[in-house]
Structures are given as structure tokens and as C-alpha cells.
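In: Turn this into a structure:
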Amino acid sequence: MVVNQTLLFLIFMLDGIIIGLIFDIFRISRRTIKTSDFITIIEDFLFWILTAIILLYSIFTFNNGEIRWFMFMATILGFLLYIMTVSSYIIKINVTIINFIKKIIKKIFNIICIPFKILFKFIKKLCFNPILFIIVNIKKKNKILFQKVHKLFNKKRTNKVQKVAKLN
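Out: Sure thing, here's the model as predicted:
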């Protein structure tokens, strides 16, 4: 009987450690990936569902569905033991690894994008530069035409003013 309860205590301590690992997985994901509040709520809900599944599985598998207070004490003790000893190291190591992998993926993505950037510049030169050339020339022609019309209008106006001045 005592051996059985000791074994149950150790199993539920292991459950607490596993729950601590799952908790750290969510903490690591939050530190490496920016998420909205809605996603955080979903992650929290997932954490509690996983925790409930682990505990219920252990209760029904190892103790035939009987709930004892020491099982919850062992789970809490295992969780606290994990959090106080190795949690910070696991988080630091995993965040460092994930950030390193993110940097590598970003560099690979930038290298893969180089041919597309070159192709875009070529297409821009091929398609947009002639259009831009036409637009610039149309503006120049309009400007010249506007200046000629303006000069012509000013000549007629000055002629009218001169005629009026001669009449007076």
C-alpha cells in the first residue's frame, strides 16, 4: 500500500513536471512570436485542456479514477520543482535557438528574393520606363503649348489695350 502510494506520488510529480514543460512551451512561443490577445486566450485554453487531459489520464490509468489529495500535492510539487530549477534555462536556451533559426530563415528568404527583385527591376525598366518617358514628354509638350497659348493671349490683350489707348 505504501509502495503504491509512493509510486502514485512520483507519477503525479512527473505529471507536474510535464505540465511545467507544457507551460514553458507556451511561454517560449509568446516570447518568440508576437500574438494578439485572442490567440493568447486560445493558447491559455489549450494549456488548461492539456493539463486536464494529463491529470485525468493519470488518475484513471494509475489510480482507477480515485482522487486523493496527495496526488494534487505531488502535481503542484513537481510543477514547482521544475519551475524553480530548470525552467529558466530551458526558456533561455529555446528562445535563443528559435531566434537564431528565425535569423537564418530570414537570411535564406532574403537570398531567395534576390532573383525576384532583379526580375522586378527588369520588368520595371522594360514596362514602366517607356510609359514614364511618354508621360514626361506629354508634360513637356503641354507646357510648351500652354506657354504659346499664354503668349498669344497676352499679345491679343496688349493689342486690345493699345487700341483702347489710341482711341482715348
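In: mind checking how far the residue nearest the centre of the chain is from K92?
Out: With distances taken as C-alpha atoms, centre = their mean, K34 lies nearest the centre of the chain, 5.5 Å away. K34 is 19 Å from K92, where distance means C-beta to C-beta, to the nearest Å. Using the backbone N, CA and C atoms, a C-beta is placed for each residue, glycine as well.
In: Check T61 too.
Out: For T61 relative to K92 (C-beta to C-beta), the value is 34 Å.
In: Flag the shaky bits of the chain, pLDDT-wise.
Out: Within the chain, the stretches with pLDDT under 70 are 156-168.
In: at 90 what do you get?
Out: Residue ranges of the chain with pLDDT under 90: 1-5, 31, 33-35, 63-65, 67-68, 113, 115-168.
In: For it, just list every one of the helices.
Out: 2-32, 37-62, 69-85, 87-123, 129-167 (DSSP state H).
In: Run a quick neighbour tally on S36.
Out: For S36, the count of nearby residues is 8 (other C-beta atoms under 10 Å).
In: Got the phi and psi for it?
Out: phi -80, psi 170 (degrees, to the nearest 10).
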